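*Asks:* Kindly generate the corresponding structure for this input.
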Amino acid sequence: MNSYSSGRRSRRPRGGARRKGNPERFRGQQGEAKTQKKTFWQRVAEFFGNGKGAKQTASARNGAQPSRPARKPERVEVTSPRLYVGNLSFDATESDLFELFNGVGHVQNAEVVSYRHNQRSKGFAFVQMQTIEEAKRAVQELHDKEFLGRRLVVSGAKSSEHQMRS
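*Replies:* Here you go, the predicted model:
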């Protein structure tokens, strides 16, 4: 007697016998089971966040950015003539910044930070003023001022010494 198959298929289905009788009777039970059973990700979200994160993962999956709380930019005291300009419009150029800050004091340099691979603005810049007093006056006058459709964030730039500590 051979334990392997001869290659022919048997006529009986391997998954078990088909149910006979009223199929509606079984559909009701299956529907209840489907609504009660949670997906793997729902169970993981429930485990880590008591079920609160299940709805957030569904909305983030469709390409939408998950909402995150608004964060106020860190206020840095002006200790050098170099200023940080944040929340900058992506259309702003260095000459636009030069003109804006020239109304407050003498500007030495304006540099919009951009991505290397496509030269698109990152939305912030650095402006070098002539003196610290002009830089402080620029912060007072231009912070929270609307420029090209967005409210600017102007503060002192963090020095390289400050970056090493953090």
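*Asks:* check contacts around Glu77.
*Replies:* Residues near Glu77 by CB atoms under 8 Å, 6 or more residues apart in numbering: Gly156. C-beta coordinates here come from the backbone N, C-alpha and C atoms, glycine included.
*Asks:* secondary structure class for it?
*Replies:* coil (DSSP: H, G, I helix; E, B strand; the rest coil).
*Asks:* so where do the helices sit in the chain?
*Replies:* Here the chain has its helices, by DSSP state H, at 23-36, 40-49, 54-61, 94-102, 132-142, 160-165.
*Asks:* show me the contacts for the nearest residue to Asp96 once chain neighbours are set aside.
*Replies:* Spatial nearest neighbour of Asp96, chain neighbours left out: Leu148 (7.2 Å); criterion: CB to CB, 6 or more residues apart in numbering. Going by CB under 8 Å, 6+ apart, Leu148 touches Leu88, Ser89, Asp91, Ala92, Asp96.
*Asks:* For Leu148, grab phi and psi.
*Replies:* phi 50, psi 40 (degrees, to the nearest 10).
*Asks:* Pull up the per-residue confidence for it.
*Replies:* Per-residue confidence at Leu148 stands at 93 (pLDDT).
*Asks:* cool, and Gly86?
*Replies:* So Gly86 comes in at 94 (pLDDT).
*Asks:* Test my guess that it contacts Leu152.
*Replies:* Yes - between Gly86 and Leu152 there is a contact under CB atoms under 8 Å: 7.2 Å.
*Asks:* These two: who's more crowded?
*Replies:* Leu152 (21 against 17; other CB atoms under 10 Å).
*Asks:* follow-up on the earlier one: tell me the one of the contacts of Leu148 nearest Gly123?
*Replies:* Closest to Gly123 out of these is Leu88 (5.2 Å), distances taken as CB to CB.
*Asks:* My read is that that closest one contacts Phe126, right?
*Replies:* No - between Leu88 and Phe126 there is no contact under CB under 8 Å: 10.6 Å.
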